[in-house]
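# Here is my input, please return the structure:
(2 chains)
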Number of protein chains: 2
Amino acid sequence: MRRLLALMLVCLSLALPAHAETGYDLWLRYRPVEPAWQQRYAGRVSHYVVADRPTLIAATDELRRGVAGMLGYEPVGRETVMGDGAVVLGTGASPLIAPLGLPLAKLGREGFLIRSATIEGRRVTVIAGNADIGVLYGVFRFLKLIQTRQPIDALDVSDAPKLRLRVLNHWDNLDRYVERGYAGQSIWDWQKLPGHLDPRYTYYARANASIGINGTVLTNVNANADALRPEWLAKVKALAGVFRPYGIKVYLTARFSAPIELGGLKTADPLDPQVAAWWKAKVDEIYRLIPDFGGLLVKANSEGQPGPNDYKRSHADGANMLADALAPHGGTLMWRAFVYAAENPDDRHKQAYTEFAPLDGKFRDNVLVQVKNGAIDFQPREPFHPLFGAMPRTPLMMEFQITKEYLGFATHLAYLGTMWEEVLQADTFRPRKGTSVAQVLESGATTGMAGVANIGSDSNWSGSQFDQANWYAFGRFAWDPDARAEPIARDWAAMTWGNDPAVTGPIVGMMMASREAVVDYMTPLGLGHLMATGHHYGPGPWVADLARPEWNPTYYHKADASGIGFDRTRTGTDAVGQYAAPVAAQFGDGKRVPEKLLLWFHHVPWGHRMRSGRSLWDELVTRYDRGVAGVAAMQADWTALEGKVDDRRWREVRDFLAIQRDEAQWWRDASIAYFQSVSKRPLPAGHAAPAHPLDWYKAIRTPYAPGNGK
Amino acid sequence: MRRLLALMLVCLSLALPAHAETGYDLWLRYRPVEPAWQQRYAGRVSHYVVADRPTLIAATDELRRGVAGMLGYEPVGRETVMGDGAVVLGTGASPLIAPLGLPLAKLGREGFLIRSATIEGRRVTVIAGNADIGVLYGVFRFLKLIQTRQPIDALDVSDAPKLRLRVLNHWDNLDRYVERGYAGQSIWDWQKLPGHLDPRYTYYARANASIGINGTVLTNVNANADALRPEWLAKVKALAGVFRPYGIKVYLTARFSAPIELGGLKTADPLDPQVAAWWKAKVDEIYRLIPDFGGLLVKANSEGQPGPNDYKRSHADGANMLADALAPHGGTLMWRAFVYAAENPDDRHKQAYTEFAPLDGKFRDNVLVQVKNGAIDFQPREPFHPLFGAMPRTPLMMEFQITKEYLGFATHLAYLGTMWEEVLQADTFRPRKGTSVAQVLESGATTGMAGVANIGSDSNWSGSQFDQANWYAFGRFAWDPDARAEPIARDWAAMTWGNDPAVTGPIVGMMMASREAVVDYMTPLGLGHLMATGHHYGPGPWVADLARPEWNPTYYHKADASGIGFDRTRTGTDAVGQYAAPVAAQFGDGKRVPEKLLLWFHHVPWGHRMRSGRSLWDELVTRYDRGVAGVAAMQADWTALEGKVDDRRWREVRDFLAIQRDEAQWWRDASIAYFQSVSKRPLPAGHAAPAHPLDWYKAIRTPYAPGNGK
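I've put the predicted structure just below:
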């Protein structure tokens, strides 16, 4: 009786002060499966065969954690197969796995194979790779099968990443301020490093490894040379030690003028031997501390950053000098193609191509040129960047922005998977029809994808529950650029919110429609770059007084009495000429260009007849309202989920959708008020006038909005 | 069988993915009591009698939460007493409680009474107050009895706060940066307010109410007028709504020049009728939104802040003008006495007294003059501020700094209860011997205590587990300035780390010795203000080149070839003359002044013979080493607790103690290296030379240290 009481107390004590879910668990939530599934799965995972290398220990720890959470017991580790249900982990060389002769050869260093097999007469599950990291990836895939309620009785799954570098870019400053960060401070608590390793670093590594991310650039591309000082490198080394078992390398950003600022040199000219020697010594110093350091990322000669052009050298000169310092250590140099210059009057859309395309073939083998998905700057919708396919002898890596600088910060629900799929599946026609951006990325000796992280110190990691999906989706697309947004959304929803189709169905529906709603209420029909200045929070289509022309929204929409849109055809800036001929022909033709990109490439009269039969002006207003209605629809869907998901996360999403609704209305009203002041046209029937006059919207100031550059 | 399986699954599912303790629970941890106590307590809390006003609902929610966590079941609410073990909550006017004739009269609005009683023949526990907030305080006290394993069979407890205003001062900027914050960002997520109320706000309110805090100043004393704009007041209103049921009023800081910045006036002269009218209108606007708004806090004419002196008006002129605006609404004006002026060459120690003492009796009734515990600035040790007792006709409130700007940021373990007790128990001799600072605070029509908060977005709230104790202790001292540090530490340790004496014993021991260790390794023997510039991280006793003399550490220690220390006796600045005659006589006499304050008041030759028999120089070195040894002793105590407290919190404390040890050594070595360069004396036998030459310490730069003013 006394023992029973004690047992009940233990059980109750664990049950009662249950912590509300904050979202900290991410998609590694590992909640109990339904009893029917429990019985089906449990016999398949009775124990596992132990391993003793760091990455394999991480793998078995994850297996224990996942099974404990989902199936209710902790599988034990044994030296060998003790009966049915063993999970055998290891490389193809391990004694239990080698005799099976598994087809691992084509899977590369990071691939894996999961197979139901018989060892010593016992039914087991083998999770194998060519290297330990493949085994860890395999364990995460195996757990995902349970998380998403797939059978695990007769498995034969193999997979391998299509890109080599799958990296997060943290735009995190050394004082923990995150540029374009909407999830609190940087998770790197530099002040307490290297003395204290926040357990969060390990969770971060697990989350990344679970989706195949294998690199992280710790510091902002608007770089601070101090990150390369010895006292900072000691902190970086400590983080590298946490991440190493999870197959994640650390990278840093390099400020191009560091030889001057740290080295006391008079120049940072990449062709100066002293400069090259300084960088070589610095890189050698880093590798002495961190032998598997990943490499450097550089933003040069863009938005005020120093670079080789300061010395009349090319981007290739700058990149190659750093690449030579990294090469002996196997390091990679990532060089951003996001450049535009104050003194260059040409269409900003064209400048990166103009500068980089002639450099094709001039970069060292260990250079990756990092190209944003579009030619401007992570807008809700942009056509794919014309550099993709235009540098066949240069490895290009994709840069996506996971953090929602231009898509509503933390509070707007906007699943970016659809945007990324749209770009990756775009046909470059280079060298020929059918060559997608994804294929361009997958070709070449070195391949990669970078995502500007949306991760911060908030308990939910990403600023909102749904922004976790963008981190997750980024990893999936980096692993397989040919992946599709919808199944990724389904996986994430099931792992994050549970497997009830009455829950995941609406959630996936919301996600799949969400980005198009943002496009509609912010920048429909190919508009872009219409946000307020600096922090980029809220609408500012009227802004016309900034120092550089291409900083002004009016530069981008060019609305006047006659019409709206940026003429990038041959009669305009001829930016279309940077695309392959068939693409240029389509984008350059007002009749063939997709309407969703119309105003990106064409200046169009307000009265222009759209495919809907409406005038351009009426269509524009209609799209704005469609965007607001899209948010209202998400609100209705979410309201219906009350009680079907945990209360704390449900309320947070509810509140954020209400904020999104208000701000969608703000975007819609402010934009219509402004454009109407230009078009002088009446609103179409059934569409309400903005709630306030234009000056009211212009007067809004939000100087404390988060994530500003500084 | 199926049902048993299902039950076990539920139990296991709750048990297994147990969240590691982050410290988020604070001292409201409510973990299960031991079985023997469970049986003893459970019969005493079978149900409670329901209540329907917001504060009483908060009280019963807390009762359910605490009992569920500690006793393993949720007591139910009933309309009346249903049997033994009822907990009856309400005011003295409630029908069940009124007939008991409880002695509530002397307890004031916020006091409470807990009594075991018989109602309708049933044994019950009554928790009563004169107002609902007293009942809430009583529930927290009742739960504390269980948390600390006190009997609850025959209760007769009554208590009431000795001070009226018990407020936190958040030095939080509108962009979430916290000046002198070492626990992440501000917990006020302004960007998402008022649309989203983070559940953390409610937890914050519960924690504060549990220790009797009844006010919170949301914004930095280095104030931003934008906090008074309508869009910001809407956010403040939302927070006030969360805090209201917990008896917590919100306050804001007022930037004195706001009439110019927001109102477009040409002056902020407090005697200008337009200025007074602007403030009256602004205050009226605030009270229309928040009828129970607490009032305003002002830092004026100090460290660059605007104030009445800018218009040749006194602090009383400025304070009274704002007080008049607040008075019709019952609001309070808190006016800081922390002033010192660039143009004033007098000893900074003297300036606040010189400026404020003559104003005694000139302030409105609803003004509280807020005085720091010492005359300089929250140093590890300062003598009590000479203003205490010197303004008998003016209500003075204490300002303590909970955040450890000068005591090691987040990572150093320094329990401040001992420091606060030392100050509060100091004898002012005003008007006569035996009048402690605590008694000064408790006298007068309006009374209060302010604590500069150490609360931020970190999951552990305060930057470290042990810094929670300082938040807790502040509340306890604000409730009762005559409280003692040691029992407060014992309560906190039991509630936060569990009731095992083998755990709480060492923890309380560490806490009680901790602040003296910090004094020893940073500023022994009455030294002060020796930290590095700006961020105040680490030692900087050599700094002598800052624009204002009193910003330089050399101003404070005045070390030269002849000796060290600041002569504040009659032969020096005569700061001692600001104290009551007996205090002045003691502090001013090199033989009678406590050695712990020796160098605060005296310039002393290096060879001066101390009570230990050592020379001053040898004693100084000995104290530095004693400080480092004190940290080593804490490390040893903590190491012995491995496995006796939860692992995650244990590791965090272990890491922070190691950081503290390293930084104590840094302080010790840098200080000795510097002072030795002045004293030219050899180190006493058995005391090691600093690890590096002085220039090595001088070269240390930590520009990204957190919490800097900006």
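# burial of the residue in the stretch 201-350 of chain A positioned nearest to chain B, as a residue count?
The stretch 201-350 of chain A approaches chain B most closely through residue A:226 (7.3 Å), counting by C-beta to the nearest C-beta. All C-beta spots, glycine's among them, are computed from the backbone N, C-alpha and C. Residue A:226 has 17 neighbours, counted by other C-beta atoms under 10 Å in any protein chain shown.
# residue contacts, it?
A:174, A:232, A:262, B:703, B:704 (C-beta atoms under 8 Å, 6 or more residues apart in numbering or on different chains).
# can you put those residues in JSON lines and add secondary structure?
Converted to JSON lines, these look like this (DSSP: H, G, I helix; E, B strand; the rest coil):
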{"residue": "A:174", "secondary structure": "coil"}
{"residue": "A:232", "secondary structure": "helix"}
{"residue": "A:262", "secondary structure": "coil"}
{"residue": "B:703", "secondary structure": "coil"}
{"residue": "B:704", "secondary structure": "coil"}
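# and which of those is nearest to residue A:491?
Closest to residue A:491 out of the contacts of residue A:226 is residue A:174 (35.8 Å), distances taken as C-beta to C-beta.
# Can you report how many residues neighbour the closest residue to that closest one other than its chain neighbours?
Nearest residue to residue A:174 in three dimensions, chain neighbours excluded: residue B:704, at 4.4 Å (C-beta to C-beta, 6 or more residues apart in numbering or on different chains). Residues within reach of residue B:704, counting by other C-beta under 10 Å, total 19.
# what's near enough to touch residue B:704?
Each residue near residue B:704 by C-beta under 8 Å, 6+ apart is listed here: A:174, A:175, A:176, A:190, A:191, A:226.
# repeat for residue A:611
By C-beta under 8 Å, 6+ apart, the residues touching residue A:611 are residue A:595.
# pLDDT at it, what is it?
As predicted, residue A:611 sits at a pLDDT of 97.
# one step back: would you check which pair of the contacts of residue A:226 lies furthest apart?
Greatest spacing in the contacts of residue A:226, by C-beta to C-beta: A:262 and B:704 (15.3 Å).
# And residue A:78, its phi and psi?
When read as degrees, to the nearest 10, the backbone of residue A:78 gives phi -130, psi 160.
# Show me which helix runs longest in chain A.
The longest helix of chain A (DSSP state H) is helix A:647-679.
# next one: the helix or strand that comes right after that helix to chain centre, how far?
Scanning forward in sequence from helix A:647-679 by DSSP states H and E, the next helix or strand is helix A:694-698. How far helix A:694-698 lies from its chain's middle: 34 Å, per C-alpha atoms, centre = their mean, to the nearest Å.
# So for helix A:694-698, mean pLDDT?
For helix A:694-698, mean pLDDT is 98.
# Which parts of the longest helix of chain A count as buried, going by neighbours?
Under the neighbour-count criterion of 16 or more other C-beta atoms under 10 Å in any protein chain shown, helix A:647-679 has A:649-650, A:652-661, A:663-676, A:678-679 buried.
# With just CA atoms, put stretch A:696-710 into PDB.
Coordinates of each C-alpha in stretch A:696-710 appear next as PDB, following Å, rounded to 0.1, in the frame of the first residue of the first chain:
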ATOM      1  CA  TRP A 696      -2.200  59.400 -41.500                       C
ATOM      2  CA  TYR A 697      -0.300  56.400 -42.800                       C
ATOM      3  CA  LYS A 698       2.700  58.500 -43.800                       C
ATOM      4  CA  ALA A 699       2.900  59.800 -40.200                       C
ATOM      5  CA  ILE A 700       3.400  56.400 -38.600                       C
ATOM      6  CA  ARG A 701       6.800  56.000 -37.100                       C
ATOM      7  CA  THR A 702       8.000  52.800 -35.400                       C
ATOM      8  CA  PRO A 703      11.600  53.500 -34.400                       C
ATOM      9  CA  TYR A 704      11.900  50.600 -32.000                       C
ATOM     10  CA  ALA A 705      10.900  47.900 -34.500                       C
ATOM     11  CA  PRO A 706      13.300  45.000 -34.000                       C
ATOM     12  CA  GLY A 707      16.100  43.700 -36.200                       C
ATOM     13  CA  ASN A 708      17.200  46.900 -37.700                       C
ATOM     14  CA  GLY A 709      20.600  47.100 -39.300                       C
ATOM     15  CA  LYS A 710      22.900  49.200 -37.100                       C
END
